[in-house]
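> take this sequence and fold it.
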Amino acid sequence: MSLFDRLRGLTGSSEPVVVEDFESADKVFNDEREDKLEELESEAEDFCDEVENAVENLRNDLEDLKDYEDSKDRAVIEDNVENFAVERLRLLEDFSGYSDVEEMHSDLSDVLEELNAIDDKTEAVFDEANIGGEFSKSLKKLTEHLEKTENFLQTRYQTVKRKKNLEEKVEELKELKEEKTELEEKLDNLDEEEVEEKLSQKKKSLQQLEDSRLRKEINKLEDELEEKKEERSKILDKTGSSMGKMERGLKKMLHDGKIGKISEEGSDILRDIRDGEKSQLLNRDSEEVEEAAEAVEKSTGGGFLDSSTRRRLLQGVSYFKSFKDKKKELEGLQREIKEIEEKLDDHEYHEDREKLEKKVESLENCLQRDKENREELESKGAELESKIGDIEEGILDIFNEEFKREVKVG
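Below you'll find the model as predicted:
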């Protein structure tokens, strides 16, 4: 059955109950049932008064029992009767001053259950002493009041229960609609389009940076750096290959002691060349390297080297005889490479790009959060709608149960 059909309620000949909106349903109910509610309130008070009067009569009977004196002066009888009365009076100690008939009924049900719990021993004592008649009558009267109260609560008092239930539902409905309004405001404040626009602008700026003068400067510096590194590699490769050419012949000459007069530094240099220690050789004094190469060249006569070994040895020697220029060129290239790398590291392009990339990342995260928030809020909104619908259905149930005629909302 649709909500619209439910709104129509149970159509009768009476005028329909008109509810302007669900939030004012409790006011309409109270207006429609004003006289009956007052009457029920008065009846509820009467039930409370009647029950309290019956409880008071029961208290009086118990007080009489507490002071019971056995005609045969049997202490055991008197003690049992007194204990019974004291325990029952304790149960009734706090039973007074009720204004809520439902609360009174609930408490009375619990109390009566204990008041009626009389064991066989106590019952035998009462029979032996021929007492308890007035207590039993008062207890029966109180039980009758409980039954009347229960019947009242199950019938006419249902209107009051519906009123209370309705007021709770209306209050909950107002809270849920207020929560829904706040949720809708949060949804309105989520502006993914604005974030997407900002993100698009930053991505465009990032692309523009790649086409800018700064990027061209970076490209030029990177090309220069690559060129200088290639030039350095050529020198280093040539140094290594020249050392390789000299290795075999130099080993034999050093082993056989064929090299003429040479300084200790020169001997170390030749061992570097023989062992392929390029990095150590590059740190040597360039003049000492050239002198060591000339000493080798002067010592190659005598035919102790085969022609191929001697030829390769002299090719390497020829390279190291002008080592000063090679090392100077290499050091110059190293300085230029360092300068270019520093320019690249400090170039404003990198700072600009880093700022833009961070902003793009931040906006992407923001957009993702907004989308997740929207999904969560929309899910909550659907839950609220469902709860609101259930409560409105419940309000209609209350009206239909109470009035048995058409209900119009809005």
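
> what ranges does the stretch 151-300 of the chain have for its helices?
For the stretch 151-300 of the chain, applying DSSP state H, counting those that start in this stretch gives helices covering 158-189, 192-210, 213-256, 264-275, 278-282, 286-298.

> ok, residues contacting the next helix or strand after the last one?
Going down the chain from helix 286-298, the next helix or strand is helix 307-321, by DSSP states H and E. Applying Cβ atoms under 8 Å, 6 or more residues apart in numbering, the contact partners of helix 307-321 are 238-239, 242-246, 248-250, 252, 273, 289-290, 292-294, 296-297, 300, 305, 326. All C-beta atoms are positioned from the backbone trio N, CA, C, and that covers glycine.

> in helix 307-321, which residues are buried?
309, 312, 313, 314, 316, 317, 319, 320, 321 (16 or more other Cβ atoms under 10 Å).

> so how far is residue 53 from the fourth one?
For residue 314, the distance to residue 53 equals 138 Å [Cβ to Cβ, to the nearest Å].

> the fifth one too?
Computed with Cβ to Cβ, the distance linking residue 316 and residue 53 is 131 Å.

> does anything pack onto whichever strand or helix holds residue 400? Which helices or strands?
Assigning secondary structure by DSSP H and E places residue 400 in helix 348-403. The helices and strands touching helix 348-403, judged by 3 or more Cβ pairs under 8 Å, 6 or more residues apart in numbering; DSSP states H and E, are helix 3-8, strand 17-19, helix 25-32, helix 158-189, helix 192-210, helix 213-256, strand 407-409.

> could you dump these into CSV and include mean pLDDT?
Shown next, in CSV, are the helices and strands packed on helix 348-403 (pLDDT from 0 to 100):
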stretch, mean pLDDT
helix 3-8, 46
strand 17-19, 91
helix 25-32, 94
helix 158-189, 94
helix 192-210, 87
helix 213-256, 92
strand 407-409, 87
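
> what about those, which gets the closest to residue 342?
helix 213-256 (10.1 Å; Cβ to Cβ).

> quick check: pLDDT value at residue 81.
Per-residue pLDDT puts residue 81 at 86.

> if we can go back for a sec, I'd like to know which of the contacts of helix 307-321 are buried.
Counted by 16+ other Cβ under 10 Å, those give 239, 242-243, 245-246, 248-250, 273, 289-290, 292-294, 296, 300, 305, 326 as buried.

> ok, back up a step: show me which of the buried residues of helix 307-321 is closest to residue 201.
Nearest member of the buried residues of helix 307-321 to residue 201, counting by Cβ to Cβ, is residue 319, at 58.8 Å.

> state the distance from the closest one to residue 246.
9 Å.

> same deal with residue 66?
With Cβ to Cβ as the criterion, residue 66 and residue 246 are 130 Å apart.

> distance to residue 97 for the helices and strands packed on helix 348-403 - can I get that in a markdown table?
Listed next are the helices and strands packed on helix 348-403 as a markdown table, based on distance: least, Cβ to Cβ, whole Å:
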| stretch | distance to residue 97 |
| --- | --- |
| helix 3-8 | 42 |
| strand 17-19 | 37 |
| helix 25-32 | 26 |
| helix 158-189 | 20 |
| helix 192-210 | 61 |
| helix 213-256 | 88 |
| strand 407-409 | 39 |
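
> of all those, which one is nearest residue 88?
With Cβ to Cβ as the criterion, residue 88 lies closest to helix 158-189 of the helices and strands packed on helix 348-403, at 31.7 Å.

> can you give me the angle the closest one makes with helix 348-403?
160 degrees (axes from the mean of the first three to the mean of the last three Cα atoms, to 10 degrees).

> helix 158-189 packs against which elements?
Counting by 3+ Cβ pairs under 8 Å, 6+ apart, the packing neighbours recorded for helix 158-189 are helix 25-32, helix 34-66, helix 348-403.

> quick one, which of those is packed in tightest?
Of all the helices and strands packed on helix 158-189, helix 25-32 carries the top mean neighbour count, a mean of 18, counting by mean count of other Cβ atoms under 10 Å.

> please identify the helix or strand for the closest residue in space to residue 229 that isn't next to it in sequence.
Here the nearest residue to residue 229 in space, its sequence neighbours aside, is residue 337; by Cβ to Cβ, 6 or more residues apart in numbering that works out to 6.3 Å. Following DSSP H and E, one finds residue 337 within helix 323-346.

> so for that helix, what gets flagged as buried?
323, 326, 327, 330, 333, 336, 337, 340, 344.

> check stretch 144-152 too.
145, 146, 149, 152.

> got the CA coordinates for stretch 129-144 in CSV?
C-alpha atoms of stretch 129-144 as CSV (Å, rounded to 0.1, in the frame of the first residue of the first chain):
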residue,chain,number,x,y,z
ALA,A,129,-4.4,-18.8,65.2
ASN,A,130,-7.6,-18.2,63.2
ILE,A,131,-6.3,-14.9,61.9
GLY,A,132,-5.5,-13.3,58.5
GLY,A,133,-9.1,-12.9,57.4
GLU,A,134,-9.0,-9.1,57.2
PHE,A,135,-5.5,-9.2,55.5
SER,A,136,-6.8,-11.6,52.9
LYS,A,137,-9.9,-9.5,52.2
SER,A,138,-7.7,-6.4,51.8
LEU,A,139,-5.3,-8.3,49.6
LYS,A,140,-8.2,-9.6,47.4
LYS,A,141,-9.5,-6.0,47.1
LEU,A,142,-6.1,-4.8,46.0
THR,A,143,-5.9,-7.6,43.5
GLU,A,144,-9.3,-6.6,42.1
